[in-house]
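> with the input below, show me the fold.
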Amino acid sequence: MPDTRARVRRHVRDTPGVHFNRVSRDLDIATGQAQYHLRRLVRDDEVAVERIGGRAHYFDPTFDPWERRALAFLRRETARGILVRLHAAGPTRPAELADELDLARSTVSWHVSNLVESGIVEKSDDRPMRLSLARPERTAALLDEVSASLPDRIVDRFVRTVDSLFE
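Have a look, this model is predicted:
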């Protein structure tokens with residue numbers, strides 16, 4: 001068991017913001033095993049957990065709460081697309097984001113609301129409203145920490161497909 005726990009700890013540290021299901025998939029361990037070891041690591045303050053948007057994301061405890069939220073969103077394709085676009089081109093209107101990312105405006109609105117609520121994105125007070133990154137330099141640095149896995153992209157694309165059915 002100590003070997004499995006060490007593998008789980010190492011995986012979380014190497015993959016900041018990894019969600020629960022991916023831990024068991026990547027390490028090829030049973031869900032119950034992943035749950036047990038993650039719970040023990042969190043209890044012993046060796047790993048931190050943030051629950052964001054219905055998923056438990058795990059981190060090295062050295063990441064502060066803002067970084068944890070940002071990394072969790074960067075692990076999701078649609079939110080990552082929004083953040084990458086804001087980083088690359090600067091402040092923009094939500095309608096432009098929807099057009100450029102080929103997403104429904106309601107989808108962009110939902111993601112932007114979550115990003116604003118988490119302090120990752122800011123809305124301007126002027127009209128038309130523009131969106132910008134709350135901490136552009138730190139967000140750029142965190143982008144390097146994240147590379148989306150194929151299973152993450154498949155899940156994100158499935159969610160986008162379901163969203164499009166309700167437009």
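> switch to C-alpha atoms for all contacts and neighbour counts from now on
Will do.
> sketch out the low-pLDDT regions of the protein for me.
1-2, 147-167 (pLDDT under 70).
> all the helices of it, in order from the start?
Along the chain, the segments classed as helices by DSSP state H run 2-14, 20-27, 31-43, 65-74, 77-89, 94-101, 105-117, 136-143, 150-165.
> what about the ones you listed, which gets the closest to Arg127?
Checking the helices of the chain against Arg127 by C-alpha to C-alpha gives helix 94-101 as the closest, at 11.9 Å.
> what distance separates the start and the end of stretch 43-61?
12 Å (C-alpha to C-alpha, to the nearest Å).
> would you mark the buried spots in that stretch?
Using 16 or more other C-alpha atoms under 10 Å as the burial criterion, the residues of stretch 43-61 that qualify are 46-50, 57-61.
> what of stretch 80-100?
80-87, 91-95, 97-98.
> returning to what we had before: need the winner for burial among the helices of the chain.
For the helices of the chain, the largest average neighbour count (mean count of other C-alpha atoms under 10 Å) is found in helix 65-74, namely a mean of 22.
> nearest to Gly119, of the buried residues of stretch 43-61?
For the buried residues of stretch 43-61, the minimum distance to Gly119 (C-alpha to C-alpha) is 14.7 Å, reached by Glu50.
> and for that closest one, nearest residue in space, chain neighbours not counted?
His57 (5.3 Å; C-alpha to C-alpha, 6 or more residues apart in numbering).
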